[in-house]
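**Q** no FASTA, just this:
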């Protein structure tokens, strides 16, 4: 039996009637569940950001940073599809999602009340790879706008391993950085940038990042945010030879590999393929992502 | 006790609900959620003779009560399917139907020939109606002669029963339905998606990477229902209704319109166990309305009184 750790597939070889065949199990698929969760807490963060705490112990216990949930917004046919949300934090009972009200789905979700029930499916996707070799090293996290969502859960897990973490957090204005105080309370060094200069650094988060790596080079980068930001982080990762993992965003149909709708162009064994973000992602090594 | 089994002549289903091709992966993707044996059956994602990459993203765009897709039939191809997937599904106590694709007529026949010896396969569904593989959304199911020829060729190359999946992107669907019947098709499934498009007003760009795609979901249900009604009235072979079925009552409407069974597609995305819920809802509907056998409902649309009960 061969177990590929990264892809979570188990190949099982069977000999039967002088014939050999094998099948691949996605072992991760035995870990995800579709459950009804109660909204146990709702918080508004700034103008249009929201945090929901969802009671779903069975999903919470299996979750790791970088994984996501497919959230059923309504039982009615509009909006039709579930929405993917990164897991923002979790404890033994519940999961948190943090989102910006940007459209029909998130708008309806932001109107939910504490005590409301909601169907969620998860934990989905591969998540960030926190390797033991990172022990006691310097790690940079980069979050752009709502891309901050998975980085809180990640930062907490990295802190448990005694890593030296710095968060780079960027947005258009300081209204897009509602999470900054939360990271600071948890003693995570947080550097903010805004395009309009309403925070300590005026410019893009990637400019702030470039400035900072001149002073001190990390041994690993984790990033989540708009595509332009991730593209620049990939370039920096390549030029400075710093390994990086990026969490990509995509429109999803099912969330678990059945519809093939969420693909991005990824390098796999040297060739470009359309990779299912929901199953093989959403986290990819920066060097494997092919940008248009 | 309500009997919700249905009979397609060549195939008896324990209930009328099949999971539609392209929305149900290879079946195994849904096994974490429920026992697949509870389905009437499922239709495996379209298979070509070789693996395919599919279309450039974005492949999905949500619309009001609908979904436009331009997935473009990516897949592992027939050989990898037989090696990696088929051993995991072949023992399931449910109808396993394989959706067959081809870039030309010969490929349909050769895929059918390749899969024909596997007795666990209940039927083939000929995908001659995908709007996402040829430029401009053209597909063989838009031409009666092409439809006839592909069906005939496949029927001559296999003994497994053949269901032909029809496109709604035609002026008269009964003309194509009759051609498929004449070609020897054992049943028809309809409809595939409606050729559609979305544009982002701010960027002026199409929302899909492949410009056009196929619309599915509750938005298409009334048109699909009309086409099923027209087709079932015109042909002798069984008809499987598809198009925006989200609830048991939706499924019952298709059966009343003349469908012998139904397929559930887009609803699999809104909830992975939608098919199960629809099966239970059909049972409950029959109990509530004192229908002993779902078969008795097929094609019973009452044209004499057009008044519908106010719900």
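**A** Yes, it's here. Predicted, not measured: the structure shown is a model, and the values here were computed from it.
**Q** so what's residue B:159 closest to, chain neighbours aside?
**A** In space, and not counting its chain neighbours, residue B:159 is closest to residue B:116: 6.3 Å by C-beta to C-beta, 6 or more residues apart in numbering or on different chains. Every C-beta, even on glycine, is put in place using the N, C-alpha and C of the backbone.
**Q** contacting residues for residue 223?
**A** Picking chain A for this. A:141-144, A:147, A:229-230, A:233, A:244-247, A:286 (C-beta atoms under 8 Å, 6 or more residues apart in numbering or on different chains).
**Q** please go with chain B instead
**A** Neighbours of residue B:223 in contact, by C-beta under 8 Å, 6+ apart: B:168, B:191, B:194, B:243.
**Q** what does residue A:258 give?
**A** B:23, B:24, B:25, B:29, B:30, B:268, B:269.
**Q** Could you give the number of residues near residue 234?
**A** No chain in the question, so chain A it is. 22 (other C-beta atoms under 10 Å in any protein chain shown).
**Q** Switch to chain B, please.
**A** Residues near residue B:234, counting by other C-beta under 10 Å: 16.
**Q** Residue A:80 versus that one, what's the distance?
**A** Going from residue B:234 to residue A:80 by C-beta to C-beta, to the nearest Å gives 32 Å.
**Q** try residue A:126
**A** Distance, residue A:126 to residue A:80, by C-beta to C-beta: 26 Å.
**Q** Which of these two has more residues huddled nearby?
**A** The residue with more neighbours, out of residue A:126 and residue A:80, is residue A:80; 26 against 22, by other C-beta under 10 Å.
**Q** Check which helix or strand the closest residue to residue A:233 other than its chain neighbours maps to.
**A** Excluding its sequence neighbours, the residue lying closest to residue A:233 (C-beta to C-beta, 6+ apart) is residue A:223, at 4.6 Å. Per DSSP states H and E, residue A:223 falls inside strand A:220-224.
**Q** for residue A:274, same thing?
**A** Residue A:274 belongs to strand A:271-275, assigned by DSSP H and E.
**Q** Run through who's touching the helix or strand just after that strand.
**A** Using DSSP H and E, the helix or strand that follows strand A:271-275 in sequence is helix A:277-280. Helix A:277-280 is contacted by residues A:7, A:26, A:84, A:124-126, A:248, A:250, A:252, A:254-257, A:262-264, A:266 when judged by C-beta under 8 Å, 6+ apart.
**Q** ok, now with 10 Å
**A** With C-beta atoms under 10 Å, 6 or more residues apart in numbering or on different chains as the test, helix A:277-280 has contacts from A:6-8, A:26, A:28-29, A:68, A:70, A:84, A:124-126, A:247-264, A:266, A:268, A:273, A:283-284, A:288, B:29, B:57.
**Q** These in strands, which ones?
**A** For those, the ones inside strands are A:26, A:68, A:70, A:84, A:124, A:247, A:264, A:266, A:268, A:273, A:283, A:284, with DSSP state E as the criterion.
**Q** can you put those residues in JSON lines and add distance to residue B:277 and neighbour count?
**A** Output for the ones in strands among the contacts of helix A:277-280, formatted as JSON lines (distance: C-beta to C-beta, whole Å; neighbours: other C-beta atoms under 10 Å in any protein chain shown):
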{"residue": "A:26", "distance to residue B:277": "24", "neighbour count": "19"}
{"residue": "A:68", "distance to residue B:277": "24", "neighbour count": "29"}
{"residue": "A:70", "distance to residue B:277": "17", "neighbour count": "26"}
{"residue": "A:84", "distance to residue B:277": "22", "neighbour count": "23"}
{"residue": "A:124", "distance to residue B:277": "21", "neighbour count": "28"}
{"residue": "A:247", "distance to residue B:277": "32", "neighbour count": "29"}
{"residue": "A:264", "distance to residue B:277": "32", "neighbour count": "22"}
{"residue": "A:266", "distance to residue B:277": "35", "neighbour count": "20"}
{"residue": "A:268", "distance to residue B:277": "37", "neighbour count": "11"}
{"residue": "A:273", "distance to residue B:277": "35", "neighbour count": "16"}
{"residue": "A:283", "distance to residue B:277": "32", "neighbour count": "24"}
{"residue": "A:284", "distance to residue B:277": "35", "neighbour count": "22"}
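**Q** pLDDT added to the residues you listed, as CSV?
**A** Listed next are the ones in strands among the contacts of helix A:277-280 as CSV, based on pLDDT from 0 to 100:
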residue, pLDDT
A:26, 56
A:68, 98
A:70, 98
A:84, 98
A:124, 97
A:247, 98
A:264, 97
A:266, 97
A:268, 94
A:273, 95
A:283, 98
A:284, 98
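**Q** which one of those is nearest residue B:143?
**A** Distances from residue B:143 to the ones in strands among the contacts of helix A:277-280, taken as C-beta to C-beta, are shortest for residue A:273 (33.5 Å).
**Q** so can I have TSV of the contacts of residue B:223 showing pLDDT and secondary structure?
**A** Conversion of those to TSV gives the following (pLDDT from 0 to 100; DSSP: H, G, I helix; E, B strand; the rest coil):
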residue	pLDDT	secondary structure
B:168	98	coil
B:191	98	coil
B:194	98	strand
B:243	98	coil
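**Q** of those, closest to residue A:52?
**A** Nearest to residue A:52 out of the contacts of residue B:223 is residue B:243 (C-beta to C-beta; 34.2 Å).
**Q** Just give the nearest non-adjacent residue to the closest one, would you?
**A** residue B:224 (2.3 Å).
**Q** distance of the one you found from chain A?
**A** Residue B:224 is 15 Å from chain A, where distance means C-beta to the nearest C-beta, to the nearest Å.
**Q** Quick one: the helices in chain B, in order.
**A** Using DSSP state H, the helices of chain B run over B:77-80, B:86-89, B:105-115, B:144-157, B:173-183, B:221-234, B:248-257, B:267-270, B:274-288.
**Q** Does chain A have contacts with the second one?
**A** Yes. In this structure, helix B:86-89 sits against chain A according to C-beta under 10 Å from any C-beta of the partner chain; the contacting residues are B:86, B:87, B:88, B:89.
**Q** could you check the distance from residue A:113 over to residue B:221?
**A** As judged by C-beta to C-beta, residue A:113 and residue B:221 stand 31 Å apart.
**Q** Pick out whichever of those two has more residues nearby.
**A** Neighbours were tallied for residue A:113 and for residue B:221 using other C-beta under 10 Å; the higher tally belongs to residue B:221 (21 against 7).
**Q** wait, doesn't the more buried one sit right on residue B:254?
**A** Yes. Judged on C-beta atoms under 10 Å, residue B:221 makes contact with residue B:254 at a distance of 8.8 Å.
**Q** what do those two both touch?
**A** Contacts common to residue B:221 and residue B:254, judged by C-beta under 10 Å, 6+ apart, are B:241, B:243, B:244, B:245.
**Q** which one of the helices of chain B has the most crowded surroundings?
**A** For these, average neighbour numbers computed from mean count of other C-beta atoms under 10 Å in any protein chain shown are highest in helix B:267-270, which has a mean of 25.
**Q** I'd like to know which elements that helix is packed against.
**A** strand A:68-72, helix B:274-288 (3 or more C-beta pairs under 10 Å, 6 or more residues apart in numbering or on different chains; DSSP states H and E).
**Q** And the contacts of residue B:223, which two are furthest apart?
**A** Put simply, by C-beta to C-beta the two of these set farthest apart are B:194 and B:243, 8.9 Å from each other.
**Q** ok, those two, which is more surrounded?
**A** Counting neighbours by other C-beta under 10 Å for residue B:194 and for residue B:243 shows that residue B:243 has the greater number, 30 against 21.
**Q** Would you mind giving me the confidence score for the closest residue to residue A:220 other than its chain neighbours?
**A** Ranked by C-beta to C-beta, 6+ apart and with sequence neighbours excluded, the top spatial neighbour of residue A:220 is residue A:139, at 5.1 Å. At residue A:139, the pLDDT value in this model is 95.
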